[in-house]
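Engineer: Structure for this input, please:
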Amino acid sequence: MKLRDYQQKAVDAVFKEWEEHSSTLVVMPTGTGKTVMFAEILRRVQPARGMVLAHREELIWQARDKVERMLGAECEVEMADLTASTSLFHQAPVVISTIQTQVSGPEGKTRMTRFSPEDFGVVVVDEAHHATADTYRRILEHYRQNPNLKVLGVTATPDRADEEALGQVFESVAFDYEVLDAIQDGYLVPIEQQMVTVEGLDFSQVHTTAGDLNGGELAEVMELEKNLHCVASAALDIIKDRKTLVFTVSVKQAEMLSDIFNRHKPEMAQWICGKTPKEDRRLALKKFSTGETQIMVNCGVLTEGYDEVGIHCIVQARPTKSRCLYSQMVGRATRPLAGVVDGLGTSEERKAAIANSLKRSMLVVDFVGNSGRHKLITTADILGGKFSDEEIELAEKEAREKGQRGESVDMTEELEKARRELEERKARDAARKARLVGKAAYSTVNINPFSVFDITPERERGWDHGMTLSEKQKGLLRKQGLNPDSMTYHQNKQVINEMFRRWNNKLCTMKQAKLLKKYGYETKDLPMADASRLINGLANNGWRWRPLEMAGAGRP
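Structural biologist: Below you'll find the model as predicted:
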């Protein structure tokens, strides 16, 4: 199984972090092959034995399949009535187990005590956003009795509210690959969003419980007959013949929505929940996969571990304040069709292949009403990891306005548009202030590295809270005339990464960019050699701006 470029980068980054830390985290979106990535890590640590922990049965079998294919050796499963060998003379290279199995049993004799921590070199925690729970911590404490143990957490959805807590479980973040990165690299399909206003939806009186809308109170709103019919009618108008997955807040809502869909067209929809018998669920999902059923309505079942690349549309009949939950639901439809991007070497080729396929994008249908004090999650939140909160808010506003006109939006385009609009506003404000203040000596102005480098400060991730730079990193920034104490840890790291990007690509340095910016030259991707020629030309011209044809490099 050949790794994709970002998977290889993630693997290399993990081993680099393990040189200084015993635990690290990898963030990769749904559909980008987290299991393949950590299977390669387990292969590379051989002959050290590995333990993979997950919380759902589906994830166990997925992990076993990928790890066995990568290792070329059989793995053992510790789950329910399946037990892995603890014999010194017959040990599989990897044991895959559920969290529930590990902690089952009486106090002091739980099933994890069957295993000696010294027998394992690596523990992988799948869906690591759950790792802050007490059960996970107890298991990790058991295996960490081995002082040489390395721990890897992998997740697609570190919620903003949980990021800081994850930073307490994992010492570092080795690799963070955002949904937008994967779309722009051509590994996931573009995300479109259509917001539908339903007058009867009023969430203003719903309380917040554990960071999300209270399930019982939300169900009362979503189960109202009028709201159900409005949601079903609008969804059918929008999805047309797309294969659609619907998420609901309650079993009753799922059953009633499915019934309303089938009144419009018999047998077009089915519903499942956590209590649906396994065989009935398997048959329902098979009919959905083959296209016999167009709409699958589910309550709390298909958020994790469900892979069906043919899904073209997600209907969010379950409003949420949780970025983690929302991202899991949307992630069920972001994969391109099988074989579309495999073997293609460039992002342009992959994006072109997706654009010419039968699944050019996926659509998220959100239902909005009076949300009151609640900030409900939209696709802008899960795509906006490298955008500011202000840019996300502006993109969401535009999407709502277009939704009222019955239009869908490409949320990536809306975010880029919001960034350009805010940058233009800042430029106009800066020009106005410059006219008011007048010219000032350039050397007296504090250096703003983001302005010099033409990059936008990214939002601080929770796991970075409390982190500090090494003295070597601080010294690197100070040599460039920067004060690391004036920026957050994440901002400092962002500037350092941009410095290395420029050095590795032989682009102009910060000092060169700062000087040339004074004379109005564009420096974002200006080669170092061109920057030197410009500066020499300026010096020879008495530090007066030189026209384009004389300078030999670009000016905006």
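
Engineer: which intervals of the stretch 51-200 of the chain have sub-threshold pLDDT?
Structural biologist: 88-89, 158-164 (pLDDT under 70).

Engineer: can we see that at 50?
Structural biologist: For the stretch 51-200 of the chain, no stretch has pLDDT under 50.

Engineer: all helices of it, in order?
Structural biologist: Taking DSSP state H, counting those that start in this stretch as the criterion, the stretch 51-200 of the chain contains helices spanning 57-71, 99-103, 134-143, 160-169, 179-184.

Engineer: what does the first one contact?
Structural biologist: In other words, helix 57-71. 1, 35-36, 39-40, 42-43, 46, 50, 52, 54, 74-75, 77, 79, 93-94, 96-98, 126-127, 304-307 (CB atoms under 8 Å, 6 or more residues apart in numbering). C-beta here means a position set from N, CA and C on the backbone, and glycine is covered the same way.

Engineer: Buried among the residues you listed? Need that as a selection in ChimeraX.
Structural biologist: To isolate the buried ones among the contacts of helix 57-71 in ChimeraX, judged by 16 or more other CB atoms under 10 Å, type:
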select :35,36,39,40,42,43,50,52,54,75,77,79,93,94,96,97,98,126,127,304,305,306
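
Engineer: In strands, which of the contacts of helix 57-71 appear?
Structural biologist: Among those, the members falling in strands (DSSP state E) are 50, 52, 54, 77, 94, 96-98.

Engineer: Pick out whichever of these sits closest to residue 371.
Structural biologist: The closest of the ones in strands among the contacts of helix 57-71 to residue 371 turns out to be residue 54 (CB to CB; 33.9 Å).

Engineer: of all the helices of the stretch 51-200 of the chain, which lies closest to residue 477?
Structural biologist: helix 160-169 (22.2 Å).

Engineer: Now mean neighbour count too, for the helices of the stretch 51-200 of the chain, in a markdown table please.
Structural biologist: As requested, the helices of the stretch 51-200 of the chain are exported to a markdown table (neighbours: other CB atoms under 10 Å):
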| stretch | mean neighbour count |
| --- | --- |
| helix 57-71 | 18 |
| helix 99-103 | 19 |
| helix 134-143 | 16 |
| helix 160-169 | 19 |
| helix 179-184 | 20 |
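
Engineer: Tabulate those helices in JSON lines, adding columns for distance to residue 231.
Structural biologist: Putting the helices of the stretch 51-200 of the chain into JSON lines (distance: least, CB to CB, whole Å) gives the following:
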{"stretch": "helix 57-71", "distance to residue 231": "28"}
{"stretch": "helix 99-103", "distance to residue 231": "34"}
{"stretch": "helix 134-143", "distance to residue 231": "36"}
{"stretch": "helix 160-169", "distance to residue 231": "27"}
{"stretch": "helix 179-184", "distance to residue 231": "26"}
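
Engineer: For residue 210, find the nearest of these.
Structural biologist: Closest to residue 210 of the helices of the stretch 51-200 of the chain is helix 160-169 (CB to CB; 9.5 Å).

Engineer: which stretches of the stretch 401-550 of the chain aren't confidently modelled?
Structural biologist: Using pLDDT under 50, the stretch 401-550 of the chain drops low at 437-446, 548-550.

Engineer: Strands of the stretch 251-400 of the chain, start to end?
Structural biologist: 269-273, 295-299, 313-317, 362-370 (DSSP state E, counting those that start in this stretch).

Engineer: repeat for the stretch 401-550 of the chain
Structural biologist: Ranges of strands in the stretch 401-550 of the chain, per DSSP E, counting those that start in this stretch, are 409-410.
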